[in-house]
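Q: dropping a prediction and its sequence here:
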Amino acid sequence: MEGLSERQYAARVGLSRGAIQKAKAAGRLVLHEDGSIDAAASDKRRAETTDPSKTRKAPAPKLKPVPEAAVAAVGDTLREQGLSAPAVGGGTTFLQAKTANEVLKAQERRIRLQKLKGELVDRARAETLMFRLARDERDAWVTWPARVAALMASEITAALGEGCEVEAAQMQKVLEAHVRAQLDSLAEIRPGLG
């Protein structure tokens with residue numbers, strides 16, 4: 001055989017054997033006397049006779065640009081793990097992005113596991129419970145002077161003896177003033193769950 005078979009030529013030019021058979025039938029290939037394909041001459045004839053608008057071109061990969069915030073997040077994740085991160089605007093390699101992705105997946109799994117074990121709680125729920133506890137504590141202290149003022153007044157009167165009397169209403173007024181001052185100072189404390 002002088003030239004190439006249909007299969008060999010199809011592999012050489014990246015087409016199917018059926019496409020080569022159609023081109024052969026249409027006379028767009030140059031054949032040797034034994035029926036084999038003259039590759040160089042056939043390439044030239046195919047280039048001359050093929051309509052470029054009807055050729056299939058490999059689609060260009062449609063890559064979306066990666067937002068700078070995503071690249072920065074990859075860098076942050078890599079730095080948290082003690083790995084080298086790309087310079088800002090320097091581009092992230094596929095290996096760096098894949099490493100950051102694996103690190104993030106591992107962190108997510110660890111957090112999910114901690115939630116299942118009960119080691120982590122929902123932040124919003126914790127803040128709501130803290131607020132409710134603080135409000136209940138404040139309410140208990142606000143009503144405390146009214147409950148104990150009469151008892152304290154009678155104990156102080158008994159301790160001071162005859163002739164000295166402490167009025168329950170006056171005792172309650174003094175206690176309320178001190179309790180409110182203390183609660184106001186405690187209100188300035190802002191617990192953070194950061």
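A: That came in fine, so what should we check first?
Q: okay, now the closest residue to Gln114 other than its chain neighbours: neighbour count?
A: Once flanking residues are discounted, Gln114 sits nearest to Leu120: 4.5 Å by C-beta to C-beta, 6 or more residues apart in numbering. To be clear about C-beta, it is placed using only N, CA and C from the backbone, and glycine gets the same treatment. Counted by other C-beta atoms under 10 Å, the residues lying close to Leu120 total 14.
Q: quick one: secondary structure of Leu120?
A: coil (DSSP: H, G, I helix; E, B strand; the rest coil).
Q: which helices and strands sit right next to the worst-scoring helix or strand of the chain on mean pLDDT?
A: Ranked by mean pLDDT, DSSP states H and E, the weakest helix or strand in the chain is helix 68-80, scoring a mean of 73. Judged by 3 or more C-beta pairs under 8 Å, 6 or more residues apart in numbering; DSSP states H and E, helix 68-80 is in contact with helix 94-117.
Q: how does the chain divide into domains?
A: Following automatic domain parsing, one finds the domains of the chain at 6-53, 68-117, 123-187.
Q: what would these look like in a markdown table with mean neighbour count?
A: Putting the domains of the chain into a markdown table (neighbours: other C-beta atoms under 10 Å) gives the following:
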| stretch | mean neighbour count |
| --- | --- |
| domain 6-53 | 14 |
| domain 68-117 | 13 |
| domain 123-187 | 12 |
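Q: weakest of these in terms of mean pLDDT?
A: Note on the domains of the chain: domain 68-117 shows the lowest mean pLDDT, a mean of 75.
Q: how far does the longest helix anywhere in the chain sit from the chain's center?
A: Using DSSP state H, we find that the single longest helix of the chain is helix 123-160. Between the centre of helix 123-160 and the centre of its chain there are 44 Å (C-alpha atoms, centre = their mean, to the nearest Å).
Q: on that earlier part again, these two touch, right, the residue nearest to Gln114 and Arg112?
A: No. The criterion here is C-beta atoms under 8 Å, and Leu120 misses it with Arg112 at 9.1 Å.
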